[in-house]
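Student: Provided below are the primary sequence and the corresponding predicted coordinates.
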Amino acid sequence: MTVLNNKIHPASHPDFEHFDENYHSLGFLEISRTSSYENYLVLNTPFHLPNTGLDVFSQIEYFKNGEYLKRIDPYFDDIRQGRTKLVFFFVDWWGFRNDAEVSGKNSGNLITYDIYNWVYHHVKRLGLIEHSSFSSPVSTQNTTQHQDWPIINYNEAFNRYLDHGNLLEHHDGVEFKNFMFYLNRRPRSHRLYALHQVYNAGLLNNAQYTFHFFDEGIQANLYTREQYIEKFLNGWIEPENINYNMLSAVQENFEHDHIYDASSDVQTFSELEKLHQVSKECFLELVVEYNCSDLKVFLTEKIARSIVLNKPFVVIGDRGALEEIKRYGFKTFNSIWDESYDQLNTAKERIDAVITLLKQIKQGYWKTYNRQIQEIIDYNNHWYFTGYREQQQLLFEKVFN
């Protein structure tokens, strides 16, 4: 929980690790100066609480069972009287369940919670609805919402580069030395399967890539990397068919590991500049997103980074990710190559189709961008820093006004 006074800078807090970036980039200070609220009471995923498979970050205990209410109890009267606004400001996957999901079941790699409905009934009963809001970065398509408390679809992760402006040089007419730009941090199951298939297809040749084996299980020496791969590829590949040689390729590729600290995962402009110097030598980016749900879409800074870096992209992630990008107002590359992989029913099918597509693209002429590709790249980059930014500014203001 973070308490923000409109006369002071927001304090750092484990519940709310990214707010400072938005505070600057989308003008929270200006909002607070003109707002009728004296304070904001902001809650996010309680990352500091115990994290178990049965209750990730204790969110059932914290939100469903109302543990958070004990922390905000001193502010009830101020909220009811309009002096303080209560803001549920989610920056990650958890937040709500859409109509296709079942609460408590995995959706992709991540468990589904229905925090939106849990806390709605709390704030409704306590008379806090009028001076509270709920925001989430996850797509609200096919989601039943309360008319008196709609979800505000503000995407902090995708917006992470908005404050940089269009500061990176364009590289029109560059002849690319490499085919693919391909970054990975935490080795989730869909990323491990994708790496396995990328390696087997020979796509790491002519590629600039990273794959950080950053995971608490490995860091704590609970697993060897081979054991970890076998555990997390269970259900994707039969153990006897796993090609462990991909480990050697990753371990030998330390060229770009210095660019950022995988454990802290700090997204800075200096990191973006360094990635830009590498990516501009590559024809396209293979973006492997945060999750691989078949039921709901969450776009993050990974695909936004590709847009800011002026790259065409192929995306491994949630079913319908490309459609969600279009709903944001961006263009994809369906006029250049086949993007039907985006609508395939399972993550495994989508990944296999992407591998086939990448091999087809690589066989073609990819040394320079043609006019059609360059126009899409330029449109997306311009839209991110203009029309899209304006849309998000309005949503951000809606959260806090």
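Tutor: In hand now; what should we look at? Numbers count the residues shown, from 1 in each chain.

Student: For Leu183, see how far away Phe213 is.
Tutor: 14 Å (C-beta to C-beta, to the nearest Å). In short, each C-beta sits where N, CA and C put it, glycine included.

Student: Excluding chain neighbours, what is closest to Glu101?
Tutor: Closest residue in space to Glu101, ignoring its immediate chain neighbours: Thr112 at 4.7 Å, by C-beta to C-beta, 6 or more residues apart in numbering.

Student: Now that neighbour: phi and psi?
Tutor: Main-chain dihedrals, Thr112, degrees, to the nearest 10: phi -100, psi 130.

Student: Rounded mean pLDDT for stretch 81-101, please.
Tutor: Stretch 81-101 carries an average pLDDT of 95.

Student: meant to ask about stretch 241-253
Tutor: Computed over stretch 241-253, the mean pLDDT rounds to 84.

Student: Quick check: buried residues in that stretch?
Tutor: Residues of stretch 241-253 classed as buried: 242, 246-247, 249-250 (neighbour count, 16 or more other C-beta atoms under 10 Å).

Student: Stretch 100-110 spans what distance, first to last residue?
Tutor: With C-alpha to C-alpha, to the nearest Å as the measure, the ends of stretch 100-110 fall 15 Å from one another.

Student: What of stretch 281-295?
Tutor: Start-to-end, stretch 281-295 (C-alpha to C-alpha) is 35 Å.

Student: How about stretch 279-291?
Tutor: Start-to-end span of stretch 279-291 (C-alpha to C-alpha) is 23 Å.

Student: can you give me the offset of it from its chain's centre?
Tutor: How far stretch 279-291 lies from its chain's middle: 14 Å, per C-alpha atoms, centre = their mean, to the nearest Å.

Student: before we move on, what about stretch 211-225?
Tutor: Counting by C-alpha atoms, centre = their mean, stretch 211-225 comes out at 22 Å from the chain centroid.

Student: and if you look at stretch 45-52?
Tutor: Put simply, stretch 45-52 sits 19 Å off its chain's centre (C-alpha atoms, centre = their mean).

Student: now do stretch 140-147
Tutor: 20 Å.

Student: Identify the residues contacting that stretch?
Tutor: Under the criterion C-beta atoms under 8 Å, 6 or more residues apart in numbering, residues 96-100, 116, 120, 151, 153, 296-297, 320, 324, 327 lie in contact with stretch 140-147.

Student: That stretch: which residues count as buried?
Tutor: 140, 143.

Student: Kindly report the same for stretch 57-73.
Tutor: For stretch 57-73, by 16+ other C-beta under 10 Å, it's 57-60, 62-64, 68, 72.

Student: and stretch 205-224, which residues are buried?
Tutor: Here stretch 205-224 shows 207-215, 223 as buried, counting by 16+ other C-beta under 10 Å.

Student: and what of stretch 119-139?
Tutor: Using 16+ other C-beta under 10 Å as the test for burial, stretch 119-139 gives 119-120, 122-123, 126, 128-129, 131-139.

Student: so when I look at Arg97, I'm seeing a strand, right?
Tutor: No: the assignment for Arg97, made by DSSP: H, G, I helix; E, B strand; the rest coil, is coil rather than a strand.

Student: before we move on, the earlier item: now the buried residues of stretch 241-253 as CSV including secondary structure and distance to Phe333?
Tutor: Shown next, in CSV, are these (DSSP: H, G, I helix; E, B strand; the rest coil; distance: C-beta to C-beta, whole Å):
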residue, secondary structure, distance to Phe333
Ile242, coil, 32
Met246, helix, 27
Leu247, helix, 32
Ala249, helix, 27
Val250, helix, 27
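
Student: closest to Val354 among these?
Tutor: Met246 (16.5 Å; C-beta to C-beta).

Student: I'd say that closest one and Leu195 touch.
Tutor: Yes: applying C-beta atoms under 8 Å, one finds Met246 in contact with Leu195, separated by 5.8 Å.

Student: circling back: separation between the residue nearest to Glu101 and Asp352?
Tutor: 25 Å.

Student: Likewise for His196?
Tutor: 11 Å.

Student: and if you look at Pro312?
Tutor: Remark: distance between Pro312 and Asp352 (C-beta to C-beta) = 21 Å.

Student: Pick out whichever of the two has more residues nearby.
Tutor: More crowded of Pro312 and Asp352, by other C-beta atoms under 10 Å: Pro312, with 21 against 16.

Student: what about the closest residue to that one other than its chain neighbours, helix or strand, and which?
Tutor: Leaving aside its sequence neighbours, Pro312 sits nearest to Leu284 (C-beta to C-beta, 6+ apart; 4.6 Å). In the assignment (DSSP states H and E), Leu284 maps to strand 282-288.

Student: mind putting the buried residues of stretch 57-73 in JSON lines, pLDDT and distance to Gly364 included?
Tutor: Shown next, in JSON lines, are the buried residues of stretch 57-73 (pLDDT from 0 to 100; distance: C-beta to C-beta, whole Å):
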{"residue": "Phe57", "pLDDT": "95", "distance to Gly364": "45"}
{"residue": "Ser58", "pLDDT": "96", "distance to Gly364": "50"}
{"residue": "Gln59", "pLDDT": "96", "distance to Gly364": "46"}
{"residue": "Ile60", "pLDDT": "96", "distance to Gly364": "50"}
{"residue": "Tyr62", "pLDDT": "96", "distance to Gly364": "51"}
{"residue": "Phe63", "pLDDT": "97", "distance to Gly364": "50"}
{"residue": "Lys64", "pLDDT": "97", "distance to Gly364": "52"}
{"residue": "Tyr68", "pLDDT": "95", "distance to Gly364": "54"}
{"residue": "Ile72", "pLDDT": "92", "distance to Gly364": "57"}
